[in-house]
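S.K.: Provided below for reference: sequence and predicted model.
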Amino acid sequence: VQLVESGGGLVQAGGSLRLSCAASGRTFSTYGIGWFRQAPGKEREFVAAIRWSVGTTYYEDSVKGRFIISRDNAKNTVYLQMTSLKPEDTAVYYCATGTPLDMSRANDYTIWGRGTQVTVSS
């Protein structure tokens with residue numbers, strides 16, 4: 001399976017963006033899908049994840065109430081709706097898939113997209 005992220009861009013603080021993660025080559029049906037981000041000079045960190053088969057969602061504390069992860073079965077696509085964006089949300093956002101035991105642990109994911117840049121200006 002290959003993953004392609006899209007939807008990043010430049011937005012003012014308080015604004016919104018919707019990121020997409022489209023899978024090709026195989027369906028997500030039995031997988032977990034996560035969104036991670038990496039800011040310059042920082043380690044990659046967990047943002048949100050979803051178990052495709054049951055739809056259970058997970059969020060990092062700083063994005064709870066602002067970000068929503070969802071899936072579209074027909075399009076084999078996962079979305080990350082981001083609202084009330086803050087400058088500290090600025091990062092390259094990656095989606096990843098695999099069969100993670102710990103949905104927040106990057107090393108549990110085996111396939112990664114190339115990322116999409118999100119920049120939030122103050």
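M.R.: Everything's here; your move. Residues are numbered from 1 along each chain as shown.
S.K.: run through the strands of the protein in chain order.
M.R.: 2-6, 9-12, 17-24, 32-38, 45-51, 57-59, 67-72, 77-82, 91-98, 109-112, 116-121 (DSSP state E).
S.K.: list the helices and strands the second one packs on?
M.R.: Same thing as strand 9-12. For strand 9-12, the packing partners by 3 or more C-beta pairs under 8 Å, 6 or more residues apart in numbering; DSSP states H and E come out as strand 116-121. All C-beta atoms are positioned from the backbone trio N, CA, C, and that covers glycine.
S.K.: what comes into contact with stretch 47-55?
M.R.: Residues outside stretch 47-55 that contact it (C-beta atoms under 8 Å, 6 or more residues apart in numbering): 28-37, 56-60, 63, 67, 69-71, 78, 80, 93, 100, 103-104.
S.K.: please redo it, this time with the cut-off set to 7 Å
M.R.: If you take C-beta atoms under 7 Å, 6 or more residues apart in numbering as the criterion, stretch 47-55 is touched by 28-37, 56-60, 63, 67, 69, 71, 78, 80, 103-104.
S.K.: re the thing from before, now mean neighbour count and mean pLDDT too, for the strands of the chain, in TSV please.
M.R.: Shown next, in TSV, are the strands of the chain (neighbours: other C-beta atoms under 10 Å; pLDDT from 0 to 100):
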stretch	mean neighbour count	mean pLDDT
strand 2-6	16	95
strand 9-12	13	98
strand 17-24	19	95
strand 32-38	23	96
strand 45-51	22	97
strand 57-59	18	97
strand 67-72	17	96
strand 77-82	22	96
strand 91-98	22	96
strand 109-112	17	94
strand 116-121	17	98
